[in-house]
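[1] Pasting a predicted model and its sequence here:
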Amino acid sequence: MKIIYNISKMGLLAACVCFATLTVLSSCKDDFPVNVESDKITVLKSIKIVNAGKQGNEIIEGVVNENNKTVSFPRIDPETDLSAIQFEATTSDGAILEKNTYALLFKDGESESTVVLKVTNSPRYREYLAKVRLKIPVYGADFTKPIIYDYTNNELGNPIYETFTGALTRGTGFDGEHVLIVTRHAAGSHLLKVTDLKKNVINRIPLNLTGVTLGTFVVNVGDIVNGHTYIANLSGASAASPIKIYHWTAPTAAPQIVANIDVSKIVGAGVRHGDNMSVNLDKNGNGFIFLGDNAGTKVLRLKVSNYTNIGDPFVIASTVNVGSWSSFNQIGETDDYLFTGHDAPIMAVNSGGSISYTLSRTSIPIRSSDSRVVEFNGERYLLTTTAARTGSEPTVLSLYNITKGNNIIDALTAFEQSDRKPVYEYSLLGPVNTSPATQTGWSVLKDGDGQDKSLLIYSAASDAGFVLIEVPKKELED
């Protein structure tokens, strides 16, 4: 009897536990959410803007992406009343747009705005992000699409051009059609066609060097302007080592000596010229050639007319030591120039050296050299390449947007008030260099209608090589 009694108590306890468990499970099941069928569908089937254009009578059809819950429209006339954009939509049965009219906000300089469209079918709703873009002109270069023809230390391109060794090539030039290589390398000074370089073809056009003599180095720097080639020696400021500048229009012909100047006879001039040369000539061959001295405190200006008449030497005393490899580059056809070197900030000056603006030493890298103002497709850029003077400095081509402003002073002022970040950079991977001669250049290619089509950018540096970069103009994408 005792055993039967104990079993009965245990059975009764088990039964109670099971009953309680079933009760709890039954209660929990009642609390689970379940899918409730509903006819309150909130799908945006199609949509259009019905009041686009200056007159408010243009209809713009949108494209709905249901997977991403987005809507895109073709670009609209910026003269549309953006404060009251009217949408007309086709939706699932019973659904409507919460609002049909929206005010679109565009920040200064922006060409697109996004609005949240809500499709409601109470109590449900669905949201779509609609992007509205303005059909406005675009300017400048599209730096996301560069084509690079590299002959530098950068491993992404071809091997470094062979003459850029042992500081044998310190001077180069570029005019859009040719690259000029001024070198003491066994290859000799020569031209390279840009069309060949774009095919990765090296076809040297040797320069006839008959009569090229005298100087610490008989050739050191040069440039090519409108098909006219110039090369200068490295002068020691004496009758035995004068400044000599040679000129070619045909590379196979013997050069014309267009300058042979004993610098020691020029009052106030420096004692060594030819480490750098800036040639600034208009389409008629009129302008100036500037040669900074090695001490970095004097610039010798030579007047040029008709490409070959050179004289009237004038000494510009610099208030800033710009270093041995200075540049003095004209801005357009104005009397404004950018004067700088690897030890000095960029200065806006006139042809007599009077300073109108000086960029802060920290606005861009102080080693930025051969600075130029580039104008392309309605925008203006500052082009520089840094000199690898010490181990912590790279050789990098940089372009900065300086479009704002009516003149160079306004432009540099506005630039210093901006974030001062380059819009494009490319590394030449130059080594540390005790003679970091650095050159830049640019040219604009035109289309059949004479409009800017693409921008050619050039840079070279001693022992780093040279690079050509072609950038197309910016296009309005729909």
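    That came in fine, so what should we check first? Just so it is clear, the structure is predicted and the values come from calculations on it, not from any experiment.

[2] Outline the domain layout of the protein.
    44-133, 147-472 (automatic domain parsing).

[3] Tabulate those in TSV, adding columns for mean pLDDT.
    Listed next are the domains of the chain as TSV, based on pLDDT from 0 to 100:
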stretch	mean pLDDT
domain 44-133	94
domain 147-472	96
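
[4] Quick check: which of the ones you listed is buried the most?
    domain 147-472 (a mean of 19; mean count of other CB atoms under 10 Å). For the C-beta atoms, the positions are set from N, CA and C on the backbone; glycine is no exception.

[5] Span of that domain from start to end?
    9 Å (CA to CA, to the nearest Å).

[6] Wasn't A250 part of a strand?
    No: counting by DSSP: H, G, I helix; E, B strand; the rest coil, A250 falls outside a strand, being coil.

[7] separation between it and L412?
    Separation of A250 from L412 (CB to CB, to the nearest Å): 40 Å.

[8] do the same with I266
    32 Å.

[9] repeat for S356
    10 Å.

[10] before we move on, what about V71?
    With CB to CB as the criterion, V71 and L412 are 43 Å apart.

[11] so which helix or strand takes in L302?
    Per DSSP states H and E, L302 falls inside strand 298-305.

[12] would CSV of the domains of the chain with distance to D478 be doable?
    Below are the domains of the chain laid out as CSV (distance: least, CB to CB, whole Å):
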stretch, distance to D478
domain 44-133, 6
domain 147-472, 17
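
[13] Show me the one of those that comes nearest Y139.
    domain 147-472 (3.6 Å; CB to CB).

[14] Name all residues that make contact with N158.
    N158 makes contacts with Y149, D150, Y151, N200, as judged by CB atoms under 8 Å, 6 or more residues apart in numbering.

[15] Tell me the secondary structure at D196.
    helix.

[16] Now it: closest residue in space that isn't a chain neighbour?
    N203 (4.9 Å; CB to CB, 6 or more residues apart in numbering).

[17] Does that neighbour touch T195 like I think?
    No: contact criterion CB atoms under 8 Å: N203 and T195 do not qualify, at 9.7 Å.

[18] helices or strands up against the helix or strand where L234 lies?
    Taking DSSP H and E as the criterion, L234 maps to strand 228-234. If you count contacts as 3 or more CB pairs under 8 Å, 6 or more residues apart in numbering; DSSP states H and E, strand 228-234 packs onto strand 169-174, strand 178-183, strand 217-225, strand 243-248.

[19] try 10 Å this time
    strand 169-174, strand 178-183, strand 217-225, strand 243-248, strand 256-261, strand 278-281, strand 287-292 (3 or more CB pairs under 10 Å, 6 or more residues apart in numbering; DSSP states H and E).

[20] could you dump those strands to CSV with distance to Y426?
    Putting the helices and strands packed on strand 228-234 into CSV (distance: least, CB to CB, whole Å) gives the following:
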stretch, distance to Y426
strand 169-174, 15
strand 178-183, 16
strand 217-225, 21
strand 243-248, 30
strand 256-261, 34
strand 278-281, 22
strand 287-292, 26
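
[21] what residues are up against the residue nearest to D196?
    For N203, the contacting residues are H190, L191, L192, K193, T195, D196, L197, by CB atoms under 10 Å, 6 or more residues apart in numbering.

[22] Need the max-distance pair from those.
    H190 and T195 (15.7 Å).

[23] Could you find the closest non-adjacent residue to G140?
    G140's closest residue in space is E379 (CB to CB, 6+ apart), at 3.4 Å.

[24] hey, what's R301 bridged with?
    On the basis of DSSP bridges, R301 is bridged to F290, F314.

[25] That one reaches Q330, doesn't it?
    No: the criterion here is CB atoms under 10 Å, and R301 misses it with Q330 at 11.9 Å.

[26] Run through the helices of the stretch 301-450 of the chain in chain order.
    Assigned by DSSP state H, counting those that start in this stretch, the helices in the stretch 301-450 of the chain fall at 408-416.

[27] hmm, back to that, tell me which strands and helices the strand holding L302 is in contact with?
    Against strand 298-305 (3+ CB pairs under 10 Å, 6+ apart) you get strand 243-248, strand 256-261, strand 278-281, strand 287-292, strand 309-317, strand 327-330.

[28] Output the ones you listed in TSV; the columns should cover distance to F164.
    Shown next, in TSV, are the helices and strands packed on strand 298-305 (distance: least, CB to CB, whole Å):
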stretch	distance to F164
strand 243-248	22
strand 256-261	27
strand 278-281	21
strand 287-292	22
strand 309-317	29
strand 327-330	19
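
[29] Compare the ones you listed and give me the one nearest F143.
    strand 327-330 (21.6 Å).

[30] was I right about T163 contacting A187?
    Yes: using CB under 10 Å, T163 is in contact with A187, at 5.3 Å.

[31] which residues do those two both contact?
    Going by CB under 10 Å, 6+ apart, residues that sit against T163 and also against A187 are T169, I181, R204.

[32] which residues touch the residue nearest to the spatial centre of the chain?
    Taking CA atoms, centre = their mean, the centroid of the chain lies closest to Y424, which sits 3.1 Å from it. Neighbour list for Y424: 141, 143-144, 146, 381, 383, 397-401, 457, 469, 471 [criterion: CB under 10 Å, 6+ apart].

[33] Narrow these to those in strands?
    Y381, L383, L397, S398, L399, Y400, N401, I457, I469, V471 (DSSP state E).

[34] Show me which of those residues is closest to L291.
    The closest of the ones in strands among the contacts of Y424, once distances to L291 are taken by CB to CB, is L383, at 21.1 Å.

[35] if we can go back for a sec, just the contacts of Y424 now: which is nearest A95?
    T144 (40.1 Å).

[36] how close does the closest one sit to E477?
    11 Å.

[37] what does G441 give?
    30 Å.

[38] got it, and H190?
    Taken as CB to CB, the span from H190 to E477 is 42 Å.

[39] And N220, by the same measure?
    Counting by CB to CB - N220 and E477 are separated by 47 Å.

[40] and what of G311?
    G311 is 53 Å from E477, by CB to CB.

[41] Please, where are all the strands along the stretch 51-200 of the chain?
    Taking DSSP state E, counting those that start in this stretch, the strands of the stretch 51-200 of the chain run over residues 58-61, 63-65, 70-72, 85-91, 96-97, 101-102, 112-121, 124-133, 147-152, 169-174, 178-183, 190-193.

[42] Just send those strands back as a markdown table, with distance to N294 too.
    Shown next, in a markdown table, are those (distance: least, CB to CB, whole Å):
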| stretch | distance to N294 |
| --- | --- |
| strand 58-61 | 65 |
| strand 63-65 | 65 |
| strand 70-72 | 60 |
| strand 85-91 | 65 |
| strand 96-97 | 74 |
| strand 101-102 | 66 |
| strand 112-121 | 53 |
| strand 124-133 | 55 |
| strand 147-152 | 26 |
| strand 169-174 | 12 |
| strand 178-183 | 17 |
| strand 190-193 | 26 |
